[in-house]
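Asks: Okay, here's the prediction I keep looking at, along with the sequence it came from:
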Amino acid sequence: IMRRDDKILASEALVAHEYFDKRFKASHYLKRFKEDKKVLRTLLKDYLKGKLPTFRDCALTVLKAGVPYEARLELLEYLFKTAYASEGICDAEMVKLREIAEFLLIKEWDLLSLEYKYEFRRRESADRQKENQRLNQLSESIMQQAYLTLGVASDATDDEVRAAYREIVKVCHPDKLTEKAGSKEWEEKVVRFRHTVEAYHMVCDTRNIS
């Protein structure tokens, strides 16, 4: 995010370090940054050389680890805050922020709220229509994935959605697993359970199912 506008500012780096300090109480991040200004540049060089994971890899790791939605949303907001620290958010930064939001399975209305909060102005006329179309397609794609996770069609009844959810929970709920904790089978079922819960909540929110 910091390099999307072709300039890296200390104010952006400080926001990034603030996130680590808040989440992990690791004040040594700030201390090290002040003592060694080459740290960030070294990380960026490694990233450009392909030595660090891509944001897709990172997002996949986050999802597999079962990081809760609230924490993923907080992470995205810090990325918005980082971009905003350099005199506002430019188009290139917003493109990347939206891609990251998509891979983190951030809900469209939460993404739009962040855009509004950090004063990103949508393009007018044809550009705005194109962007709205892209966001609609993104929302549809996320919902399609939610239904696939539950194993039902998008036109399934509410009762069918509930039934599918209950069946998966019976098999994958951590408290009901017969596999040994930490084994590959156990981890796969726990990940599926977490994804199922999130998909179910998304479908319920869209359908106003209580």
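Replies: All right, it came through fine.
Asks: And the helices in the protein?
Replies: Using DSSP state H, the helices of the chain run over 10-24, 28-35, 38-48, 55-64, 69-84, 91-103, 108-117, 125-150, 158-172, 184-207.
Asks: okay, the ones you listed in a markdown table with mean neighbour count next?
Replies: (C-beta placed from N, C-alpha, C; glycine too.) Compiled in a markdown table, the helices of the chain are given as follows (neighbours: other CB atoms under 10 Å):
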| stretch | mean neighbour count |
| --- | --- |
| helix 10-24 | 16 |
| helix 28-35 | 13 |
| helix 38-48 | 12 |
| helix 55-64 | 15 |
| helix 69-84 | 18 |
| helix 91-103 | 17 |
| helix 108-117 | 15 |
| helix 125-150 | 14 |
| helix 158-172 | 15 |
| helix 184-207 | 17 |
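Asks: looking at the ones you listed, which has the lowest confidence?
Replies: Note on the helices of the chain: lowest mean pLDDT is at helix 28-35, with a mean of 56.
Asks: Distance of residue 84 relative to residue 196?
Replies: 35 Å (CB to CB, to the nearest Å).
Asks: likewise residue 161?
Replies: According to CB to CB, residue 161 and residue 196 sit 11 Å apart.
Asks: Which residue is the nearest non-sequential neighbour of residue 205?
Replies: residue 107 (7.8 Å; CB to CB, 6 or more residues apart in numbering).
Asks: give the contact list for that neighbour.
Replies: 142, 202, 205 (CB atoms under 8 Å, 6 or more residues apart in numbering).
Asks: picking up where we left off before, joint contacts of residue 161 and residue 196?
Replies: residue 150.
Asks: Give the burial count for the closest residue to residue 190 other than its chain neighbours, as a bare number.
Replies: In this structure, residue 190 finds its nearest non-sequential neighbour in residue 174, 5.6 Å apart by CB to CB, 6+ apart. Per other CB atoms under 10 Å, the neighbour tally for residue 174 reads 11.
Asks: change the start of the numbering to 518 and stick with it
Replies: Happy to do that; since the first residue is 518 now, the last one works out to residue 691.
Asks: Which per-residue confidence value corresponds to residue 691?
Replies: At residue 691, pLDDT is 83.
Asks: do residue 526 as well
Replies: So, for residue 526, pLDDT stands at 75.
Asks: Verify the contact between residue 594 and residue 631 for me.
Replies: Yes: counting by CB atoms under 8 Å, residue 631 is a contact partner of residue 594 at 5.9 Å.
Asks: mind checking how far the residue nearest the centre of the chain is from residue 584?
Replies: Among the residues of the chain, residue 621 comes closest to the average C-alpha position under CA atoms, centre = their mean, at 2.2 Å. Note on residue 621: its distance to residue 584, by CB to CB, is 9 Å.
Asks: Same question for residue 630.
Replies: Taken as CB to CB, the span from residue 630 to residue 584 is 20 Å.
Asks: Over to residue 701?
Replies: 20 Å.
Asks: Count residues in the vicinity of the closest residue to residue 578 other than its chain neighbours, would you?
Replies: Once flanking residues are discounted, residue 578 sits nearest to residue 570: 7.5 Å by CB to CB, 6+ apart. Using other CB under 10 Å, residue 570 has 12 neighbouring residues.
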